[in-house]
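Participant: Predicted model and sequence below, questions to follow.
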Amino acid sequence: MDNIEKLYEVIKKKDDVEIKDVIKDIIIIDGAIVEESSYEYKNDVYEKILKEYQKELHELMYHKIKSIVDFKVDEFIDSDIKSINTKLGNLKNMLIRIAGIKLYTDKKIECLLKELNNSEEVEKIFLEIDSILVEHIK
């Protein structure tokens, strides 16, 4: 189990008002991913949640991760359903990080978040953030 999955397991168990809505939206994403046939439904969920968390996603430099994922989707995935599921999964990971960051604020996390603006290695930075969050949120 990787750190983002471990973090999700931890935050699901938290009874914190600040992250309840994020958890609900993650569950909605999970439901959309398992929905088998409706691309439109999946895309509507994706667009709605993307808009709802626009500010937080911008602060986490989501557009950099999104561009990496979009490139990989365009190159390797030939189905619209698989494509939107991949994008939903990526958005889910970002929401998990948003919830984790709300639960744990630390100077190290703040420094790493600042690095996102100037780094081409955003995936590596997110792995480090995930690791810190898993280690400290119990």
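Facilitator: It's in.
Participant: Tell me how far the least confident helix or strand in the chain by mean pLDDT lies from the chain's centre.
Facilitator: Here the helix or strand of the chain ranked lowest by mean pLDDT, DSSP states H and E is helix 107-116, holding a mean of 76. Mean-position distance between helix 107-116 and its chain equals 17 Å (Cα atoms, centre = their mean, to the nearest Å).
Participant: Where does pLDDT dip in the chain?
Facilitator: Scanning the chain for pLDDT under 70 picks out the ranges 1, 105-106, 119, 138.
Participant: ok, now how distant is the residue positioned nearest the centre of the chain from I4?
Facilitator: Averaging the C-alpha coordinates of the chain gives a centre point, and the residue nearest to it by Cα atoms, centre = their mean is M94 (1.5 Å). In this structure, M94 and I4 are separated by 10 Å, where distance is defined by Cβ to Cβ, to the nearest Å. (C-beta placed from N, C-alpha, C; glycine too.)
Participant: just I109 next, same as before
Facilitator: Distance check for I109 against I4: by Cβ to Cβ, it reads 15 Å.
Participant: Same question for L133.
Facilitator: Applying Cβ to Cβ, one obtains 9 Å for the distance of L133 from I4.
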